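*Asks:* quick one, what's the 3D model for this:
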Amino acid sequence: MSDVFISYASEDRDRVRPLAEALQKRGFNIWWDRSLAAGQDYAQIIERELRGARAVIVVWTRGSAASTFVRDEAGRARDEGRLVPVMLDRVEIPLGFGAFQAEDFTRWNGGATAPQMQLLEEALRAKLEGRNVDGGVIAAKRRRLMNRIRVVSVLTVLALVVGIAAFGKYIITPQQHHATQADLQAQLLRLLEEGRLTPEQAAQLAQSMGLEGGALGSASTQLASASPSRGLPGAPMSETAPGSTDDQLQLASDQQFSADAQQTYQAAIANLLTHPDSSVRLAALHLSDPTQRDAALQTLTAYAQAHPEDPQANNMILVAGAVGVANGSPLGQQALETAANASPQNPVVWRMLSHAYVRANRGQEAQAAANVSQAVQAQASGQSDAAEQQLQSALPNLSSPILQAPVASELGRIAERRGDFSSASARFAQAYSLREQTATPTSNAVAAQAIQADAQRLVIALNRSGRSEEACQRLQQAQEQHDVAAPDQQTLDQCQRMRVRLRPQVQLSPAIRRATIQPGPAPAPSP
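*Replies:* A predicted model of the protein is given here:
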């Protein structure tokens, strides 16, 4: 039985997870329904845990304020004197609960040592120890801690500005490990995050290092002076690939890569430095430190792969690719390959990957990636024939199945749009086979959706080319191996008439729905 029960709306699960983890780090015995095991009686377990908890945290959000279950749980906690409300969104708290002070977590940075967590701990300790909360003491503590929040906010804003300006102004080369303002700022934030430094101490250190007050203006000047020619954190301005025989051509390639990579970095770094997860924030800051860069790249890519639903997941992989390649890390090329597979309609990703292959002296693959980039741009401008030619040229020269699969799939869609369903089925079969080669039991939802999309397109193309029996057999195989749904009711009925055993569920995937109802390529980012 747990001491603290967290009540929240199911759609807020990902937002509540950091709160539960932070409380556990502070020593609290927490229960929330993520603890449920498969097969357990959901309602019975919740009832038991709610009844046994000595404190009930109710997380007020837009979703929970409208949830009957959350209001019922909050009402029981209120009536029994166990209610500890927390506010993640600025919402009007439901009637009957407005008299209870809700701790404001709308600006919480996700850290276990943040000021908001200290206030929440005080309220929880009082409930667990069976004593009344001293309102005067809490109010005084709240005023002190809110001042600390303002200090931390200044430091965070400064870190954001310095981080964006870190293209060339705060470069640390492998030969010179002199601490810069960016490094000192990162260390302050890390020490604050770990609770090894109080906000007051951080403020004093920041002032002594010139990081507060006028430093904001200085950082703004540095940001304005950071030009696209300066390069990514730690990156040399220009570098010729091993074995290159055309220095002038390679110089132009370096310049294009620098522009692409910096545009990618600039577009993403602000969101990463303010991400709810502290490990992502620290990794974004550590990209400018050569001694911690590889660890930061690994953190960003691992987090993105573990949380594909995160809106910033693609940005994490793109930034890891751009910074990694710029600084000669093999992790950069791997990240760009992952990004190209996840976002094959982005020509910038393919251009950066082409440059990574040039640096690795892999000329054929470099040209193939460049061809795909040009094909994506041609497709976006309606030049399907030119796009198809470029993709056909690229496909045999790409060595990795995770890159071959999206190219083969796009060739299938081009053939599909011109009504050549025989060629389309061959390409979709090729893409499906390539994706199977890279599928694993731990593949994420993005990989599973790609397999399903190619399998469903294959079935549709086979049907439209008059090979209905083969279509049903391929669908049966895909269901058995990858739980692929039938693309439409007509196909399902047809296969059942042929006595092919298929599961009854019919699910038209979003990818297929877009392809069949709204044909045409997705718009590609401008080069």
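*Asks:* hmm, who's touching stretch 50-61?
*Replies:* 1-9, 12, 15-16, 19, 31, 64, 70, 73-74, 76-77, 82-89, 91, 93, 97, 102, 120, 124, 127-128 (Cβ atoms under 8 Å, 6 or more residues apart in numbering). Just so you know, the C-beta spots here come from the backbone N, C-alpha and C atoms, and that holds for glycine as well.
*Asks:* now, those residues that are in helices?
*Replies:* Secondary structure from DSSP state H places 15-16, 19, 64, 70, 73-74, 76-77, 120, 124, 127-128 of these in helices.
*Asks:* please check the contacts of stretch 50-61 and keep the buried ones.
*Replies:* 2, 4-9, 12, 15-16, 19, 31, 64, 70, 73-74, 77, 82-88, 91, 93, 97, 102, 120, 124, 127-128 (16 or more other Cβ atoms under 10 Å).
*Asks:* can you list contacts of stretch 293-301?
*Replies:* 233-234, 272, 279-280, 282-284, 286-287, 289, 316-317, 319-320, 323-324, 327, 329, 331-332, 334-335, 338.
*Asks:* of those, grab the buried ones for PyMOL.
*Replies:* Buried residues among these (16+ other Cβ under 10 Å), as a PyMOL selection:
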select buried, resi 233+234+272+280+282+283+284+286+287+289+316+317+319+320+323+324+327+329+331+332+334+335+338
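*Asks:* pLDDT weak spots in the stretch 151-300 of the chain?
*Replies:* 151-253 (pLDDT under 70).
*Asks:* quick one: classify residue 56 as helix, strand or coil.
*Replies:* When classified by DSSP: H, G, I helix; E, B strand; the rest coil, residue 56 comes out as strand.
*Asks:* how about the strands in the chain?
*Replies:* Applying DSSP state E to the chain gives strands spanning 4-7, 30-31, 55-60, 83-87, 103-104.
*Asks:* run the angle between the fourth one and strand 55-60 for me.
*Replies:* Between strand 83-87 and strand 55-60, the angle comes out at 30 degrees (axes from the mean of the first three to the mean of the last three Cα atoms, to 10 degrees).
*Asks:* now do strand 83-87: which elements does it pack against?
*Replies:* strand 55-60, helix 68-79, strand 103-104, helix 115-129 (3 or more Cβ pairs under 8 Å, 6 or more residues apart in numbering; DSSP states H and E).
*Asks:* circling back: of the ones in helices among the contacts of stretch 50-61, which is the nearest to residue 111?
*Replies:* residue 19 (11.1 Å; Cβ to Cβ).
*Asks:* so what's that closest one up against?
*Replies:* Taking Cβ under 8 Å, 6+ apart as the test, what residue 19 contacts is 6, 57, 59, 86, 105.
*Asks:* make JSON lines out of these and add distance to residue 487 and pLDDT.
*Replies:* JSON lines is the format used below for those (distance: Cβ to Cβ, whole Å; pLDDT from 0 to 100):
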{"residue": "6", "distance to residue 487": "41", "pLDDT": "94"}
{"residue": "57", "distance to residue 487": "45", "pLDDT": "95"}
{"residue": "59", "distance to residue 487": "40", "pLDDT": "94"}
{"residue": "86", "distance to residue 487": "45", "pLDDT": "92"}
{"residue": "105", "distance to residue 487": "44", "pLDDT": "87"}
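*Asks:* pull the most distant pair out of these.
*Replies:* The two members of those with the most space between them (Cβ to Cβ) are 6 and 105, at 12.4 Å.
*Asks:* using CSV, list the CA coordinates for stretch 73-87.
*Replies:* Provided in CSV are the C-alpha atoms of stretch 73-87 (Å, rounded to 0.1, in the frame of the first residue of the first chain):
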residue,chain,number,x,y,z
GLU,A,73,-11.4,11.1,-6.1
ALA,A,74,-10.7,14.8,-5.1
GLY,A,75,-14.1,15.0,-3.3
ARG,A,76,-13.3,11.9,-1.2
ALA,A,77,-9.8,13.2,-0.4
ARG,A,78,-11.2,16.6,0.6
ASP,A,79,-13.9,15.2,2.8
GLU,A,80,-11.3,13.0,4.6
GLY,A,81,-8.7,15.7,5.0
ARG,A,82,-6.2,14.1,2.6
LEU,A,83,-6.3,16.5,-0.3
VAL,A,84,-3.1,18.1,-1.7
PRO,A,85,-4.0,19.9,-5.0
VAL,A,86,-1.4,20.7,-7.7
MET,A,87,-2.0,22.9,-10.7
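*Asks:* thinking again about what came up before, rank the strands of the chain by pLDDT, which is bottom?
*Replies:* Confidence, taken as mean pLDDT, is least for strand 103-104 of these (a mean of 84).
*Asks:* low pLDDT regions in the stretch 301-450 of the chain?
*Replies:* The stretch 301-450 of the chain contains residues with pLDDT under 70 at 440-445.
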